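1. Provided below are the primary sequence and the corresponding predicted coordinates.
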Amino acid sequence: MQYIAIVIPVLAGLFALAFGALWLRGGRKPSVIAFFVGYLSLSLCYALNLLPFSMSSLVIGPLVHVIACVGVIALAMGAGMRLGIRMPIGVMASIAVLSTGLLAEAILLADANAIVIVQNGGSALLFTMAATVLWTAQPAKWLDKAVIWTMAMMTAVGFLRPVIALMAEGDLTGLISRTSEFHAVQVIAMTVLPVVLGMILLALVVTDEWEDQIASGRIDALTGLPNRAAFEEQVDELLARAREERIPVSLLVGDIDHFKQVNDTWGHSVGDKVISAFGDIMARKIRPGDVAGRIGGEEFCVLVWNCHEQGAVSLAERLRLSFASEAIEGLPTSESFTASFGIAEWQRGEDYAQCFRRADGALYSAKRSGRNRVESAAGGPSVTEASAEENTDPSTRQSRVVPLRKFK
C-alpha cells in the first residue's frame with residue numbers, strides 16, 4: 001500500500017508539469033499558473049506526508065498543512081479566475097492560519113483525534129468555501145459544473161473521513177499510524193478525487209485555449225486545424241529549427257478533387273462536411289510532431305517532421321485511401337470522395353514559399369494525371385514554371401474541375 005501512497009505525489013506532480021507547460025505555450029493566463037501552483041503544492045504536501053513522523057512533528061505537520069491549504073486556495077483562485085469571480089482570499093487565509101495553529105496545539109498535546117480532525121476539517125472548509133463561491137457564478141459549461149461537484153465531494157471526504165474512521169475502527173489512530181486496512185482504503189480514495197479534478201481542469205484549460213484560438217482567427221472553425229496564417233507561422237519556426245539541427249522535413253499538399261461540383265450537386269452544407277472529414281482524417285493520421293493546416297478552401301498542407309520525401313509519400317497514400325473510404329454524414333454510403341496530393345522534400349536553403357511551390361506543382365501534376373493520386377516533386381511529371389507560379393497561392397487558385405461521374 002506504500003507504493004500506492006507514492007503514486008499520489010507523482011500524479012499531482014505530473015498535473016503540475018502539464019499546467020506549467022500549458023501556461024508557457026497558451027498565453028500565460030493567471031488561472032493556469034494558479035492550477036500549476038495548486039498541484040505543485042499538493043504534490044509537495046503528499047510527498048512530505050509520506051515521512052513517518054509527518055503527523056507528529058511540530059515542524060513537518062503544520063508545514064504539510066500550510067502547503068495543502070496553499071494548494072487548495074490556489075486551485076480555488078484559478079477556478080474563480082476562469083469564471084471572472086474573486087475568491088474571499090482573506091477569509092480562506094484566516095481559515096488556513098487558524099487551522100494550522102490548532103494543528104500545532106494538537107501535535108503538542110499528542111492528541112491523535114484532534115490532529116486528524118483539524119487536518120481534514122481545515123481543507124474541507126476551504127473546499128466548501130470554494131465550491132459555494134463557484135456555484136454562485138452559475139457556470140454554463142458542464143466542465144465548470146464538474147469542478148464544483150468534485151470540490152463538493154472533496155469537502156464531503158474531508159468532513160466524513162474522521163467520522164467513517166470512528167465508525168470503522170472506534171478511533172482515529174489508524175489514520176496516523178498508517179497500519180490499518182481503513183488507512184489503505186482511504187489512501188486509494190484520496191488518489192481518485194485529485195486526479196479527477198486535475199483531469200477536469202486540464203480539459204477546461206485546453207478548451208479555453210482552443211476557443212481563444214478560434215476567436216483570434218488562428219484556428220479554422222470547420223476543421224479545428226490551424227488556418228493559413230497560423231500554419232505558416234508554425235512552419236517558419238520548424239524550418240528554422242530543421243535548418244539548425246539538420247533535420248529532414250517534407251511538405252504535403254492535399255486538395256479535395258472536384259470540390260466545386262460537390263458544392264453544386266450536394267450543397268454547401270455537405271461540402272462543409274466533406275472538408276471537415278478531410279481535416280479530421282489529417283488530424284488523426286499525422287504524428288504529434290507534424291503540423292497540419294487548412295490553407296485554402298479545399299486545400300490542406302502538412303509539414304511532415306523528420307521525414308524524407310518517400311515517407312511523406314507513404315503518409316499521403318494513407319490519407320488518400322482513408323478519405324476515399326470515409327463515409328460522409330447525410331449521404332449514402334455509395335457516395336465517396338477523393339483527394340490528390342503533392343509532396344516535396346525541403347531542401348537546405350529553401351524557404352517555405354519555395355518548398356510549397358514545388359509541392360503545389362506536384363499536386364497540379366496529380367490533378368492533370370487523373371486525380372485521386374499522389375505525386376512527388378522529385379518523381380512526378382514536370383510542371384512548367386508558369387503553372388507553378390499560377391497555382392502557388394491557394395487563396396486565388398481556381399478550382400480544377402473536369403467532367404466526372406461520381407466525384408472520383
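-> Yep, it's here.

2. For Ser250, give me its contacts.
-> 303-304, 307-309, 311-312, 343-346 (Cβ atoms under 8 Å, 6 or more residues apart in numbering). Bear in mind the C-beta positions are built from the backbone N, C-alpha and C, glycine included.

3. Could you do Asp144 as well?
-> Asp144 sits next to 79, 82-83, 134, 137, 204 when contact means Cβ under 8 Å, 6+ apart.

4. if you set the cut-off to 7 Å instead, what comes out?
-> Applying Cβ atoms under 7 Å, 6 or more residues apart in numbering to Asp144 gives the contacts 83, 204.

5. where does this protein have low pLDDT?
-> Across the chain, the ranges flagged by pLDDT under 70 are 1-5, 27, 52-56, 164-190, 215, 379-408.

6. ok, how many other residues are close to the residue nearest to Ala93 when sequence neighbours are not counted?
-> Closest residue in space to Ala93, ignoring its immediate chain neighbours: Ile73 at 7.2 Å, by Cβ to Cβ, 6 or more residues apart in numbering. Counted by other Cβ atoms under 10 Å, the residues lying close to Ile73 total 23.

7. what's the answer for the one 4 residues further on, then?
-> Neighbours of Met77 under the rule other Cβ under 10 Å: 22.

8. part of a helix, is Val163?
-> Yes - the assignment for Val163, made by DSSP: H, G, I helix; E, B strand; the rest coil, places it in a helix.

9. For Ala130, see how far away it is.
-> Distance, Val163 to Ala130, by Cβ to Cβ, to the nearest Å: 22 Å.

10. of the two, who's got more company?
-> Per other Cβ under 10 Å, whichever of Val163 and Ala130 has more neighbours is Ala130, with 26 against 12.

11. Let me see the domain layout of this structure.
-> Using automatic domain parsing, the domain ranges for the chain come out as 2-215, 228-390.

12. Can I get those in JSON lines including distance to Leu222?
-> Listed next are the domains of the chain as JSON lines, based on distance: least, Cβ to Cβ, whole Å:
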{"stretch": "domain 2-215", "distance to Leu222": "10"}
{"stretch": "domain 228-390", "distance to Leu222": "6"}
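
13. Of those, which is nearest Ala221?
-> Checking the domains of the chain against Ala221 by Cβ to Cβ gives domain 2-215 as the closest, at 5.5 Å.

14. Which of the three states applies to Glu375?
-> Recorded secondary structure, Glu375: strand (three-state DSSP).

15. would you list every one of the helices in the chain?
-> Ranges of helices within the chain are 2-25, 30-49, 60-83, 89-108, 112-136, 142-169, 173-177, 181-215, 228-245, 259-266, 268-285, 309-324, 352-368, 385-390, based on DSSP state H.

16. which one of those lies closest to Glu298?
-> Nearest of the helices of the chain to Glu298, taken as Cβ to Cβ: helix 259-266 at 4.0 Å.

17. picking up where we left off before, let me know whether the residue nearest to Ala93 touches Gly90 as I believe.
-> No - with contact defined as Cβ atoms under 7 Å, Ile73 does not count as touching Gly90 (10.9 Å).
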